[in-house]
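> what's the 3D shape of this:
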Amino acid sequence: METLCRMTTQLPVRQTLLLILVPMLATFAVQRLCLHLIGVHHFQPNGLIIHHLFFGVATIIPAAFVLAFGPRNRRSAILSRIALGIGSAMVLDEMVYLIATQASDADYVSPLSLKGAAIFMFLGVALLLALYHWCKRAEV
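Predicted coordinates for the structure are as follows:
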């Protein structure tokens, strides 16, 4: 069993960056476009509003666990990074909305929510790029 846990698939640093960054930016853009163009639509099983923050967390946690133990094949290495990017965008998009507003439908598309989401996305991208450059230097 110990040898199974050590069989991990590593991807090049640049590929890892792109597999996280592109889905993260695309998810953020699509979410915001949908909110502003289509309007606010809630997912409400049994009357409870489930925000995309929760879907983001539910996406990030399995991806992080796979990455923590090391993906065993190329497909899981790629999918876990894509899931990490998608989930991160969902979480970063809703942080200011849920913390700094009354969490109404109007607050979803408010300037505060949009600016806050953009700031957190910027910080997430900055951290990702800093880690990329740090790992790229270590790779040489």
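
> contacts and neighbour counts: CA atoms only from here.
Will do.

> Find the centremost residue of the protein, please.
residue 88 (1.7 Å; Cα atoms, centre = their mean).

> ok now do it, which residues does it touch?
For residue 88, the contacting residues are 24, 56, 57, 60, by Cα atoms under 8 Å, 6 or more residues apart in numbering.

> Write a PyMOL command that selects only the buried members of those residues.
Burial among these is assessed by 16 or more other Cα atoms under 10 Å; the matching PyMOL selection reads:
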select buried, resi 24+56+57+60
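
> Which ones among the contacts of residue 88 lie within helices?
24, 56, 57, 60 (DSSP state H).

> how far away is the residue nearest to the centre of the chain from residue 69?
19 Å (Cα to Cα, to the nearest Å).

> Please save the CA atoms from stretch 30-38 in CSV.
Presented in CSV, the C-alpha positions along stretch 30-38 are these (Å, rounded to 0.1, in the frame of the first residue of the first chain):
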residue,chain,number,x,y,z
VAL,A,30,-18.8,33.6,-16.5
GLN,A,31,-20.2,34.0,-13.0
ARG,A,32,-20.1,37.8,-13.1
LEU,A,33,-21.4,38.0,-16.6
CYS,A,34,-24.3,35.7,-15.7
LEU,A,35,-25.1,37.7,-12.6
HIS,A,36,-25.0,41.1,-14.4
LEU,A,37,-26.6,40.0,-17.7
ILE,A,38,-29.1,37.2,-16.8
